[in-house]
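Novice: got a predicted structure here, sequence first:
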Amino acid sequence: MTYKEFRIPNEPCQYSIDDYGKVRDKLISMFSKLSSAISIYQIGTVNNPGISDLDLVVVFDDSSKKFDYYKDYNNTLENRDRYILMHGPFIITKSLFKDMRYFYIPGKFDLLWGEKIDIKEIPYPKLCEQLIA
């Protein structure tokens, strides 16, 4: 197969790191208003604006029973926002977030808003046992 045989349905859009910051700030403003939201974290970094996506985690109180934020969330996004996010923010409770290394091993978590939550580090031998099992 040659290069000319490949078809790219959607070329990457050109966005700046400032665009990513605007989308991040918009979501912080939106989710920080929710009474059961405790923290908002960013996972990883944006290395290639226009190709990288913005990964956010919204941490809710353990007693939260209903996550119906999508009603307002989807209606406020512009095309730019949807492109930069590529998916909605990850939603998790505080107790599960503390064990996040069992779900998401690599990378760093940057606190963008709210309470700092200590993420338990997992010793590699135990981690390897779980991955092998």
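Specialist: Received, thanks. Numbering: from 1, shown residues only.

Novice: what about the helices in this structure?
Specialist: Counting by DSSP state H, the segments of the chain that form helices are 17-31, 70-75, 79-85, 94-98, 124-132.

Novice: got the ones you listed as TSV, with mean neighbour count columns?
Specialist: Any C-beta I mention is one placed from the backbone N, CA and C, and that applies to glycine too. Shown next, in TSV, are the helices of the chain (neighbours: other CB atoms under 10 Å):
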stretch	mean neighbour count
helix 17-31	16
helix 70-75	10
helix 79-85	16
helix 94-98	16
helix 124-132	10
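
Novice: weakest of those helices by average pLDDT?
Specialist: For those, the weakest mean pLDDT is recorded on helix 124-132, namely a mean of 61.

Novice: pipe the helices of the chain into JSON lines and attach distance to Arg7 per row.
Specialist: What follows is those, written out as JSON lines (distance: least, CB to CB, whole Å):
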{"stretch": "helix 17-31", "distance to Arg7": "27"}
{"stretch": "helix 70-75", "distance to Arg7": "30"}
{"stretch": "helix 79-85", "distance to Arg7": "20"}
{"stretch": "helix 94-98", "distance to Arg7": "40"}
{"stretch": "helix 124-132", "distance to Arg7": "36"}
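
Novice: and the ones you listed: which comes nearest Ile38?
Specialist: helix 94-98 (5.7 Å; CB to CB).

Novice: what is the closest one packed up against?
Specialist: Using 3 or more CB pairs under 8 Å, 6 or more residues apart in numbering; DSSP states H and E, the elements in contact with helix 94-98 are strand 37-43, strand 55-60.

Novice: deepest in the core, which of those strands is it.
Specialist: strand 55-60 (a mean of 22; mean count of other CB atoms under 10 Å).

Novice: need the contact partners of that one.
Specialist: Applying CB atoms under 8 Å, 6 or more residues apart in numbering, the contact partners of strand 55-60 are 24, 27, 31, 34, 36-44, 67, 85, 89-94, 97, 109, 112, 114-115, 117.
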